[in-house]
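**Student:** next input, structure requested:
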Amino acid sequence: MPTNRARAKANPTPAVPVRKLTEDTMWSLWRAFALLAAMELDVFTRIKSGKRTAREIAQDAGANEAAMARLLDTMIALGYLRRVKDRYSLEPIADACLARGSDLYMDGAAMIARGLTMGWLQLTEVVRTGKPAVRENPEARAREFFPLLVRSLFPANYVAARAAAASLARERRHQIANVLDVAAGSGAWSLPFAERFPKARVTVLDFPEVTPIAREYAEKHGVADRYEFVEGNLREADFGRERYDLVILGHIVHSEGPEWGRRLVEKSAAALRKGGTLMIAEMVPNDTRTGPAPEMLFSLNMLIHTPEGDVFTMSDYRKWLRAAGLRNVKTLKTPAAPSPLILASK
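**Tutor:** Predicted coordinates for the structure are as follows:
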């Protein structure tokens, strides 16, 4: 009768990445919720304001000192804090994006993340039924959700847009004079163009619940005098014809779905002057829709939270852009955006 050692040699353990399963099912969730707790307790702002020990931070937050120390040490492990003896300080990413008062502060990000988590907990049922987790009036819910969302997304979008503005400034022979920022949110995608091109005037189009946020950020960046704010539904709004040097679709096509997404590209193309540029910022998977992982996870996020939303491939966008009369379709990689930006000219 074979021994245990002989059976082990005959049936070796397959070389599978078992650790990956642990990371995907537990550790990735733990990382996210640990960071959310630190954000909700506002530990990064407290440290920046001068509270440096676990005792000081816990007292200021109304929290338990020993538990706070454990959370703060975990933030060190995740790359957001440093500690010398008992005194904590911020890593650059936390200083730039997680402490209140920073120009790139991710305002409301923890609340948004927790809200989205409730939908993700229903993914199994969403896949069974093919229906989104939230089935009440999606437009009404979106108008409550978007004012929070656009603030939290400002840092990444603004940094990516700065790279795009610098790229277009190098390539274009003429100034960008007129910009249309569709579903502008905080104005993150158009602000770098207003800053880069001093004569540029920007028209913002968004829901009335959202345009005050774009106005706030435009004032903060010192360009509000060159901004016009138009309130309305982008599906119904008239973009005009041959009016703009640049039209920006910043993370809006995915929520519109395939039919309205295509129409949005057509309306935007018609609004461009000859030689103008359409810039699309989106999560773009590969043409076989097998990756990258963030883009495909975002597709599931659309499945959970919207009736029509999805991600679309570069082949989809090329087809829509060419049908709309645009040419020179290219992509631009930036340090902040997961997918390359899409640029096309008229």
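
**Student:** how near is the residue lying closest to R201 once chain neighbours are set aside to V253?
**Tutor:** Excluding the flanking residues, the one nearest R201 by Cβ to Cβ, 6 or more residues apart in numbering is R226, at 5.0 Å. (Glycine included, C-beta is placed from N, CA and C.) Distance, R226 to V253, by Cβ to Cβ, to the nearest Å: 26 Å.

**Student:** before we move on, back to that, the residue nearest to R201: neighbour count?
**Tutor:** Residues lying near R226 (other Cβ atoms under 10 Å) number 15.

**Student:** dump the residue contacts of it.
**Tutor:** Residues near R226 by Cβ atoms under 8 Å, 6 or more residues apart in numbering: 194, 200-202.

**Student:** ok, which pair from those residues is furthest apart?
**Tutor:** Taking Cβ to Cβ, the two most distant members of the contacts of R226 are A194 and R201; they sit 8.3 Å apart.

**Student:** wasn't G291 part of a helix?
**Tutor:** No: using DSSP: H, G, I helix; E, B strand; the rest coil, the assignment for G291 is coil, not a helix.

**Student:** from D73, how far out is it?
**Tutor:** In terms of Cβ to Cβ, G291 sits 34 Å off from D73.

**Student:** quick one, which of these two is more surrounded?
**Tutor:** Higher neighbour count among G291 and D73: D73, with 14 against 10, using other Cβ under 10 Å.

**Student:** pull the longest strand from this protein.
**Tutor:** strand 272-281 (DSSP state E).

**Student:** what's the first helix or strand after the helix or strand bottoming out on mean pLDDT in the chain?
**Tutor:** Least confident helix or strand, the chain: helix 4-10 with a mean of 54, by mean pLDDT, DSSP states H and E. Following helix 4-10 in sequence order, the next helix or strand is helix 18-22 (DSSP states H and E).

**Student:** what about the residue nearest to I304 when sequence neighbours are not counted, which helix or strand?
**Tutor:** Closest residue in space to I304, ignoring its immediate chain neighbours: G119 at 4.4 Å, by Cβ to Cβ, 6+ apart. Per DSSP H and E, G119 falls inside helix 109-120.

**Student:** put the alpha carbons of that helix into PDB.
**Tutor:** What follows is helix 109-120, C-alpha atoms only, in PDB (Å, rounded to 0.1, in the frame of the first residue of the first chain):
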ATOM      1  CA  ALA A 109     -14.700  59.900  -1.900                       C
ATOM      2  CA  ALA A 110     -15.300  57.700   1.200                       C
ATOM      3  CA  MET A 111     -19.100  58.300   1.000                       C
ATOM      4  CA  ILE A 112     -19.100  57.500  -2.700                       C
ATOM      5  CA  ALA A 113     -17.200  54.300  -2.200                       C
ATOM      6  CA  ARG A 114     -19.500  53.100   0.600                       C
ATOM      7  CA  GLY A 115     -22.500  53.900  -1.500                       C
ATOM      8  CA  LEU A 116     -21.200  52.000  -4.500                       C
ATOM      9  CA  THR A 117     -20.300  49.000  -2.200                       C
ATOM     10  CA  MET A 118     -24.000  48.500  -1.400                       C
ATOM     11  CA  GLY A 119     -24.700  47.900  -5.000                       C
ATOM     12  CA  TRP A 120     -21.700  45.600  -5.400                       C
END
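
**Student:** show me what the helix or strand that that helix is followed by is packed up against.
**Tutor:** Per DSSP H and E, the first helix or strand lying C-terminal to helix 109-120 is helix 123-129. Applying 3 or more Cβ pairs under 8 Å, 6 or more residues apart in numbering; DSSP states H and E, one finds that helix 123-129 contacts helix 293-305.

**Student:** and the helix it packs on, what does it pack onto?
**Tutor:** Under the contact rule (3+ Cβ pairs under 8 Å, 6+ apart), helix 293-305 is packed against helix 109-120, helix 123-129, helix 253-270.

**Student:** what comes up buried for the longest one?
**Tutor:** It refers to helix 253-270. 253-257, 260-262, 264-270 (16 or more other Cβ atoms under 10 Å).

**Student:** how about stretch 72-80?
**Tutor:** Those would be 72, 74-75, 80, for stretch 72-80 by 16+ other Cβ under 10 Å.

**Student:** as CSV, could you dump the C-alpha coordinates of it?
**Tutor:** Extracted as CSV, the C-alpha positions of stretch 72-80 are listed here (Å, rounded to 0.1, in the frame of the first residue of the first chain):
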residue,chain,number,x,y,z
LEU,A,72,-2.5,54.4,11.5
ASP,A,73,0.1,51.7,11.4
THR,A,74,-1.9,49.9,8.7
MET,A,75,-1.9,53.2,6.7
ILE,A,76,1.9,53.0,6.9
ALA,A,77,1.8,49.5,5.4
LEU,A,78,-0.5,50.7,2.6
GLY,A,79,1.8,53.6,1.7
TYR,A,80,-0.2,56.6,3.0
